[in-house]
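Visitor: Following is a predicted model, sequence given first.
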4 protein chains.
Amino acid sequence: MTVETPTRYGVAKPDEMAGLSGLEAMQAMIEGRLPAPPIAKTLGFLIVEVEEGRAVFEGHPTPDLLNPAGTVHGGWALTLVDSATACAAHSLLPPGKAQTTVETKANFTRPILPDGRPIRCEARVVGQGRQIITAESHITNADGKIVAHGTSTLMVIDLTKPR
Amino acid sequence: MTVETPTRYGVAKPDEMAGLSGLEAMQAMIEGRLPAPPIAKTLGFLIVEVEEGRAVFEGHPTPDLLNPAGTVHGGWALTLVDSATACAAHSLLPPGKAQTTVETKANFTRPILPDGRPIRCEARVVGQGRQIITAESHITNADGKIVAHGTSTLMVIDLTKPR
Amino acid sequence: MTVETPTRYGVAKPDEMAGLSGLEAMQAMIEGRLPAPPIAKTLGFLIVEVEEGRAVFEGHPTPDLLNPAGTVHGGWALTLVDSATACAAHSLLPPGKAQTTVETKANFTRPILPDGRPIRCEARVVGQGRQIITAESHITNADGKIVAHGTSTLMVIDLTKPR
Amino acid sequence: MTVETPTRYGVAKPDEMAGLSGLEAMQAMIEGRLPAPPIAKTLGFLIVEVEEGRAVFEGHPTPDLLNPAGTVHGGWALTLVDSATACAAHSLLPPGKAQTTVETKANFTRPILPDGRPIRCEARVVGQGRQIITAESHITNADGKIVAHGTSTLMVIDLTKPR
């Protein structure tokens, strides 16, 4: 799957997000009505699907991401896990709430190569508390093999209260 | 601290590394005799110190790394932890051995901002087995506050054996 | 589900295991032909199902497991995750191979109470390499709610080679 | 070091804890004025030192803790990490606050044997936020070798507010 709309990159202003649920904000990002974040351009990935408790990212790794061993740096997979789990959690939040990642962990099970084929990262919420949300994520290559997988712990933030 | 030598980016060829211990290879990278990996250019960080069982990275986050909340994406800190722990482990390996990261985990304790000031990531080996090495890492901002910390599990690879 | 056979506890002797695949050894444990390990008696849990790449444990937490807050200690859930993921990995090993846990991580999503009702922990292998196996695990209470979930990284050991 | 006072086991009543800071409560536990939790008896460990941001546990593993491989189950080390990191975090809390563990992770670097010699687990707080505290922990055997190490993420709870 590919995003057909031309993607804008940037950080949305608070008033662009006001009144949107997490799910609505991410749908707006997929449809190009809200910008994708700068990191998505730098690292070559985008959110491509979102529903309640689930988010999917797609990335196209390039040679700019190589580690000293000549494979895609594990940090790229970690960033995908971090992004997809955060969006899966965010999809469950009403207007006025946000989330921040407390911790992320991933295992690397196969090398990721910049071979021109897409990498897909799917995340699902596992635990949903009032303050803490947890999510799992699997990253698969174009052959459907799992190349990495991980989890994140997210904390819910109330944007309507002073912090 | 800043690396004064002009940095080359790329993936070293096997014969550039042949006969070098892990520590020697990373010293050569710091001194510009071996290239820094492409990911280091893309994400704005470099290894700046290495000794047996310890490695230090320095990064200068830019607005290209921002997440939708307008702070530096957690994936950047994860990549630093992943890199610094791998180098701390690599510093203990003789010629003919390499390592690959099995898993990485990090906690995010304070926002990282692209404020022009450097971020420092220091990693130390904690457990050194014949096949598995583990390392811890702390990331601090220019005020000396810990902004993230994590660990990695690395597997030692014998480059002289067919895999 | 309950194990109907009277359970013996102890550590099986190497010759009791000789020639058994991982799956066969765990089936023998479930059927009472091999002893369950002492920790299973101390902490009140048993393996109840196993198939290739999947293992299920059932536990009955008692007041002996309480932490200072009066709920079941998180270490009990961690031990279940550790056990179930190790058995899921072990189920894939041929005779002459064993595994050892490299690291385990779990999130705690709901309190576990010693209310006389069983707790179920199901683990599945996610990544199977020649040297490293990874597995995920979900722990559910009698209401089917997820109370904890986690992952482990396991290393395969060749018992036929000197270590 | 050994705790000389006879240890009571149980869960302290809320009014036994009322008005005590986290540090005071744990000092009372070390001195036998508050009970140690039941899990400490079941698994053979006790808190032996506490100060602001740091806690030390000592354990004496027995054959009741063995896994199928005949070594002490990794869950025992995980429970020590979980306990010591929680106490390190708890030592920073004023009266009226408590903490709950969100997640725990540990690496196992050497086998733990029930050889009659003590195992020591020392934890230190790394990140202290208003809502989240993180801590690292190292477990050493009687020879001073690190046998396991890990981290926990703790969430601060306000006992004076309805939850």
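Guide: Perfect, I can see it now. Numbering: from 1, shown residues only, chains lettered A, B, ... in the order given.
Visitor: Correct me if wrong, but A:Ala77 is in a strand.
Guide: No. Applying DSSP: H, G, I helix; E, B strand; the rest coil, one finds A:Ala77 to be helix, outside a strand.
Visitor: Skipping its backbone neighbours, what lies nearest it in space?
Guide: A:Ala148 (4.0 Å; Cβ to Cβ, 6 or more residues apart in numbering or on different chains). For the C-beta atoms, the positions are set from N, CA and C on the backbone; glycine is no exception.
Visitor: Tell me which helix or strand the one you found sits in.
Guide: Taking DSSP states H and E as the definition, one finds A:Ala148 inside strand A:146-158.
Visitor: Next, the angle strand C:146-158 makes with that strand.
Guide: Going by axes from the mean of the first three to the mean of the last three Cα atoms, to 10 degrees, strand A:146-158 is angled at 150 degrees with respect to strand C:146-158.
Visitor: ok, what's across the strand from A:Leu66?
Guide: A:Val72 (DSSP bridges).
Visitor: which residues does it contact?
Guide: Taking Cβ atoms under 8 Å, 6 or more residues apart in numbering or on different chains as the contact definition, A:Leu66 lies against A:Val72, A:His73, A:Pro114, B:Val11, B:Pro37, B:Pro38, B:Ile39.
Visitor: gap between it and A:Ala148?
Guide: Counting by Cβ to Cβ, to the nearest Å, the gap from A:Leu66 to A:Ala148 is 16 Å.
Visitor: do A:His90 as well
Guide: Distance from A:His90 to A:Ala148, by Cβ to Cβ: 21 Å.
Visitor: who's more crowded, these two?
Guide: A:Ala148 (28 against 24; other Cβ atoms under 10 Å in any protein chain shown).
Visitor: Around chain C, which positions in chain A sit nearby?
Guide: A:105, A:107, A:109-110, A:126-127, A:129, A:132, A:134, A:136, A:138, A:146, A:149, A:151, A:153 (Cβ under 8 Å from any Cβ of the partner chain).
Visitor: can you do 6 Å?
Guide: By Cβ under 6 Å from any Cβ of the partner chain, the residues of chain A that approach chain C are A:Lys105, A:Asn107, A:Thr109, A:Val126, A:Gly127, A:Thr134, A:Ile146, A:His149.
Visitor: farthest-separated two in those?
Guide: Maximum pairwise distance among the residues of chain A next to chain C (Cβ to Cβ): 23.3 Å, between A:Thr109 and A:Gly127.
Visitor: Can you verify A:Asp15 is assigned to a helix?
Guide: Yes. Assessed by three-state DSSP, A:Asp15 belongs to a helix.
Visitor: picking up where we left off before, closest one of the contacts of A:Leu66 to chain C?
Guide: A:Val72 (16.5 Å; Cβ to the nearest Cβ).
Visitor: Show the contacting residues for that closest one.
Guide: A:Val72 is in contact with A:Pro61, A:Leu65, A:Ile112, counting by Cβ atoms under 6 Å, 6 or more residues apart in numbering or on different chains.
Visitor: Can you list the buried residues in stretch A:123-132?
Guide: Residues of stretch A:123-132 classed as buried by neighbour count (16 or more other Cβ atoms under 10 Å in any protein chain shown): A:Ala123, A:Val125, A:Val126, A:Gly127, A:Gln128, A:Ile132.
Visitor: whoops, stretch A:28-46 was the one
Guide: A:28-30, A:34-46.
Visitor: any residue of it up close to chain B?
Guide: Yes. Interface with chain B: stretch A:28-46 contributes A:Pro37, A:Pro38, A:Ile39, A:Thr42 (Cβ under 6 Å from any Cβ).
Visitor: Just the residues contacting that stretch, thanks.
Guide: Residues contacting stretch A:28-46 (Cβ under 6 Å, 6+ apart): A:3, A:5, A:7-10, A:12, A:47, A:57, A:59-60, A:62, A:79, B:64-68, B:73.
Visitor: ok, of those residues, which come out buried?
Guide: Buried residues within the contacts of stretch A:28-46, counting neighbours by 16+ other Cβ under 10 Å: A:Gly10, A:Ala12, A:Ile47, A:Phe57, A:Gly59, A:Thr79, B:Asp64, B:Leu65, B:Leu66, B:Asn67, B:Pro68, B:His73.
Visitor: can the helix or strand where A:Asn107 lies be found next to chain B?
Guide: Assigned by DSSP H and E, A:Asn107 belongs to strand A:97-108. Yes. Counting by Cβ under 6 Å from any Cβ, chain B has neighbours in strand A:97-108: A:Thr101, A:Glu103, A:Lys105, A:Asn107, A:Phe108.
Visitor: would a markdown table of those with pLDDT be doable?
Guide: A markdown table is the format used below for the residues of strand A:97-108 next to chain B (pLDDT from 0 to 100):
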| residue | pLDDT |
| --- | --- |
| A:Thr101 | 98 |
| A:Glu103 | 98 |
| A:Lys105 | 98 |
| A:Asn107 | 98 |
| A:Phe108 | 98 |
